[in-house]
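*Asks:* Coordinates for the following, if possible.
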Amino acid sequence: MKKSSYSSRCFLILMMITLVLSMMACKKTVFPAADDSVKGFFTALSKADLKEAEKYCKSDTGNFTFADPQEEKLITLIFSKLNYEIVSSEEDGDTATVGVKLTNLDMQLVFEDMYGKIFDEAYDAALSEEEMSDDDVEEKMMGYLEEGMSDPEAPVVTNEFEITLKKDNGKKIWVIQDDDTFMSNITGNLDEMLSE
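*Replies:* Next up, the predicted model:
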């Protein structure tokens, strides 16, 4: 009887270990919906909370960190008229695609207006034989940019595009794959225009 009791105990212990291991293997990290990350990102941007917005991006690379306060002010103004609508969401394993309709400042038109004003001033200065220093030009450019972006009638553009997200086990959320196309769409094609 002792043999039977001993083997029953061993069998019971083995069963318990197997059960515990199988329960551990079945435990999954519960992720919020992928579109929750997109909502969190755009809500943070519209409030100019750049640190919070960066949390939803694939890496904390400092995409939204600025050493120059003037640069940060301009970026904050870029997102001041941001408005978004989620039009679709699809999750497939560790990858998700969220369709977004985004309205934001049309930075191409804002820059064209700023360049027109700078050109007019430079032309007037040349005719009056006054010289504009590089610092003067830069200061005027920043002033016109701020003025153009702050204008309640500033031009806006609406783009519809897809955002790719991947599960991040460390952050326990879906994170946006913030590539060049994504950055171009959220900044009103600013990077494309500046690279020309």
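
*Asks:* Restrict the longest strand seen in the chain to CA atoms and write it as PDB.
*Replies:* For the chain, the longest strand by residue count, based on DSSP state E, is strand 156-168. What follows is strand 156-168, C-alpha atoms only, in PDB (Å, rounded to 0.1, in the frame of the first residue of the first chain):
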ATOM      1  CA  VAL A 156      -6.300  73.400 -43.400                       C
ATOM      2  CA  VAL A 157      -5.900  70.100 -45.300                       C
ATOM      3  CA  THR A 158      -7.700  66.800 -44.800                       C
ATOM      4  CA  ASN A 159      -5.900  63.500 -45.500                       C
ATOM      5  CA  GLU A 160      -7.100  60.000 -45.200                       C
ATOM      6  CA  PHE A 161      -4.400  57.400 -44.500                       C
ATOM      7  CA  GLU A 162      -3.600  54.200 -42.600                       C
ATOM      8  CA  ILE A 163      -1.500  53.900 -39.500                       C
ATOM      9  CA  THR A 164       0.400  50.600 -38.900                       C
ATOM     10  CA  LEU A 165       0.700  49.500 -35.200                       C
ATOM     11  CA  LYS A 166       2.500  46.600 -33.600                       C
ATOM     12  CA  LYS A 167       2.100  45.200 -30.100                       C
ATOM     13  CA  ASP A 168       4.700  46.300 -27.600                       C
END
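
*Asks:* Check the offset of stretch 148-155 from the chain's centre.
*Replies:* Distance of stretch 148-155 from the chain centroid (CA atoms, centre = their mean, to the nearest Å) equals 22 Å.

*Asks:* if we look at that stretch, which residues are touching it?
*Replies:* Contacts to stretch 148-155, defined as CB atoms under 8 Å, 6 or more residues apart in numbering, come from residues 74, 77-78, 80-81, 105-106, 109-110, 113-114. Every C-beta, even on glycine, is put in place using the N, C-alpha and C of the backbone.

*Asks:* Verify the stated contact: Ser89 with Ser37.
*Replies:* No: here Ser89 does not reach Ser37: they are 10.3 Å apart, not a contact under CB atoms under 8 Å.

*Asks:* how far away is Lys58 from Leu145?
*Replies:* Counting by CB to CB, to the nearest Å, the gap from Lys58 to Leu145 is 29 Å.

*Asks:* Correction: the previous question concerned Asp124.
*Replies:* From Asp124 to Leu145 the distance is 20 Å (CB to CB).

*Asks:* who has more neighbours, the two?
*Replies:* For Asp124 versus Leu145, the count of surrounding residues by other CB atoms under 10 Å is larger for Leu145: 20 against 11.

*Asks:* Please identify the helix or strand for that one.
*Replies:* helix 134-150 (DSSP states H and E).

*Asks:* and that helix, how far from the chain's centre?
*Replies:* That offset, for helix 134-150, works out to 25 Å (CA atoms, centre = their mean).

*Asks:* before we move on, the earlier item: partner strands of the longest strand of the chain and their direction?
*Replies:* Strand 156-168 has the following strand partners under DSSP bridges: strand 95-105 (antiparallel), strand 173-176 (antiparallel).

*Asks:* Report the buried residues of the first one.
*Replies:* Yep, that's strand 95-105 we're talking about. 96, 98-100, 102, 104-105 (16 or more other CB atoms under 10 Å).
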